[in-house]
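*Asks:* For reference, the sequence and a predicted model appear below.
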Amino acid sequence: EEVEKSLHLQPVGFDFQRWKQAVKAKASGLATDYPVGLYAKVRCSDDMGWNKRSSGKQRNSRSGHCLALGCESGNPLALASMVNWCRHCDQPKYKGPEGSKIRPPPHTCYKNCKSNDSSGGMESAGLLQMMHHVWDNYFLYFFEIVTDDDSTMKARCRWSNDDYEKHHGCRPMVEGKGKDAGKMVERTEKGKLRYPIPEPKFLADPAHRKKTFRDHLYKLKNRHDPETAGHLTKEGKKKRMSLLGTTLGFTDIDILRLTRNFAYMSRQLKDIPKNKWEEAGRAVVEHHFDNHEFCGDFCVRKKELAQNIDDPLKTYRSPTDDKRLYELLQETLEHFISVSRLEEIGHGFHTNGNESFNNTMSYFAPKNRTFSGSCSLKLRTLFAVCIKILGFASFFTSLFIKLGMTVPNGTRHCFKTVGDAKFRHLEHSRCTE
């Protein structure tokens, strides 16, 4: 379904029926000679879900799951369950020096990552696994991936430097940092994508980019104010520098409003011409200072002023009274509203479907328990995927029938009630008003 809805993206000469027959033949185990140049390409969204409750930035979850969703259809394209711990292989290590001598009993090991791999490394490994899987089995590849701003994922989901040279005829060069600033140096060797799978273009999820912008605002708020350096106390002792948030009166409410402005701005980009994106980006700060020249349809204040309605309960910052704060916010925003950065979020796609799946997954695999030591996690993940594809009522009704069980009227009513509630929630989320 995803390929059928993405026919306008396919290469010249692509035949949907031929591709479909090739995939069926591959699934049946028949030898298939399908040209690489006619592989289908799709746009997907990806976001990792962890099976352990977060605690700061420890990233010590023993398992996680990646789900690639088609941006056109919203259906799952590939799944990867990443595990770096097995209760048979790794449990003896916690029994002291004698534990290393214990040999694990014969068992099916579901660990597919190294024990010392962090959760961040498992995310890029899961995406690579899915990219290789769809290339080998379904003759397609992800040409664009909507995900969060993860530099590790972008670094690993590309060709090695040798494969890059084989394809382009030159080594990959990037602008140096630190002592090599201003020079072009060879790219660090981190790519693990198998050649000739095309390298994907990474797009940013607007919701994740909004969080990144919010983090920068908090860093600005908690930065020391250099203008307060050298101040002395009454006793003549040197004072500690004040925070910018204290000096400028920059509060959490300001950050909340600016973050909301950024979310509204990024959502409207897909409906306006690209040559006006930078102007639209300026509305994030200008709206906060009661200048609505660059605001879009989201701005209620702009409509009220056009009708000479002035609500005294609405307060805004002043670009003259808060001139220094205004300049600092403009400087912070500059990094986020360049054309290249706005192109990453102006596509109109998101990872909300992946977040919804992660919520479903947490229902079947609660985060206060560990299921990765056996096949339990895999089965629970497949349950969540089936519900994502078929729906709650259809999946459990089919499961009862396959097990030879009769669905009682009370249970059938429960399935229908839950399914209808989910459908109403979905329809409500699609309403524009």
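*Replies:* Perfect, thanks for sending it. Not measured: the values here are computed from a predicted model.

*Asks:* which SS state does Asp47 fall under?
*Replies:* Under DSSP: H, G, I helix; E, B strand; the rest coil, Asp47 falls in the strand class.

*Asks:* contacting residues for it?
*Replies:* Contacts for Asp47 (C-beta atoms under 8 Å, 6 or more residues apart in numbering) come out as Cys66, Leu67, Thr147, Asp148, Asp205, Thr351, Asn354, Glu355, Asn358. (Glycine included, C-beta is placed from N, CA and C.)

*Asks:* likewise Ile309?
*Replies:* By C-beta under 8 Å, 6+ apart, the contact set of Ile309 is empty.

*Asks:* what about it, distance to Gly126?
*Replies:* Look at Ile309 and Gly126: by C-beta to C-beta, to the nearest Å, they are 52 Å apart.

*Asks:* Scan this structure for its longest helix.
*Replies:* If you go by DSSP state H, the chain has its longest helix at helix 409-430.

*Asks:* what comes into contact with it?
*Replies:* With contact meaning C-beta under 8 Å, 6+ apart, helix 409-430 is reached by Gly391, Phe392, Ala393, Ser394, Phe396, Thr397, Phe400, Val407.

*Asks:* Now the fourth one. Nearest residue, chain neighbours left out?
*Replies:* The reference is to Ser394. Setting aside the residues directly before and after it, Ser394 is nearest to Gly419 in space (C-beta to C-beta, 6 or more residues apart in numbering), at 7.7 Å.

*Asks:* For Thr381, see how far away that neighbour is.
*Replies:* In this structure, Gly419 and Thr381 are 21 Å apart, going by C-beta to C-beta.

*Asks:* for stretch 15-32, the distance to its chain's centre please.
*Replies:* 32 Å (C-alpha atoms, centre = their mean, to the nearest Å).

*Asks:* what about the chain, any weak spots by pLDDT?
*Replies:* 54-59, 92-100, 115-120, 429-433 (pLDDT under 70).

*Asks:* now do 50
*Replies:* The model of the chain has no residue with pLDDT under 50.

*Asks:* What segments of it are strands?
*Replies:* With DSSP state E, the ranges of strands along the chain come out as 40-50, 63-70, 76-83, 140-147, 173-175, 184-186, 201-204.

*Asks:* Tell me which other helices or strands the fifth one touches.
*Replies:* When contacts are defined as 3 or more C-beta pairs under 8 Å, 6 or more residues apart in numbering; DSSP states H and E, strand 173-175 sits against strand 184-186.

*Asks:* With the last one instead?
*Replies:* With contacts defined as 3+ C-beta pairs under 8 Å, 6+ apart, strand 201-204 has these neighbours: strand 140-147.

*Asks:* List the pairing partners of the strand it packs on within its sheet, with orientation.
*Replies:* Note on strand 140-147: by DSSP bridges, its sheet partners are strand 40-50 (parallel), strand 201-204 (parallel).

*Asks:* and the direction of the longest one versus that of strand 63-70, what angle?
*Replies:* This points to strand 40-50. Interaxial angle of strand 40-50 relative to strand 63-70 (axes from the mean of the first three to the mean of the last three C-alpha atoms, to 10 degrees): 150 degrees.

*Asks:* Just the C-alpha atoms of strand 40-50, please, in CSV.
*Replies:* Extracted in CSV, the C-alpha atoms of strand 40-50 (Å, rounded to 0.1, in the frame of the first residue of the first chain):
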residue,chain,number,x,y,z
ALA,A,40,10.9,1.1,-5.0
LYS,A,41,11.7,4.0,-2.7
VAL,A,42,9.5,5.2,0.1
ARG,A,43,9.5,7.9,2.8
CYS,A,44,9.2,6.6,6.4
SER,A,45,9.2,7.8,10.0
ASP,A,46,11.3,6.1,12.7
ASP,A,47,11.5,6.6,16.4
MET,A,48,13.0,4.2,19.0
GLY,A,49,11.0,3.1,22.0
TRP,A,50,12.7,1.8,25.2
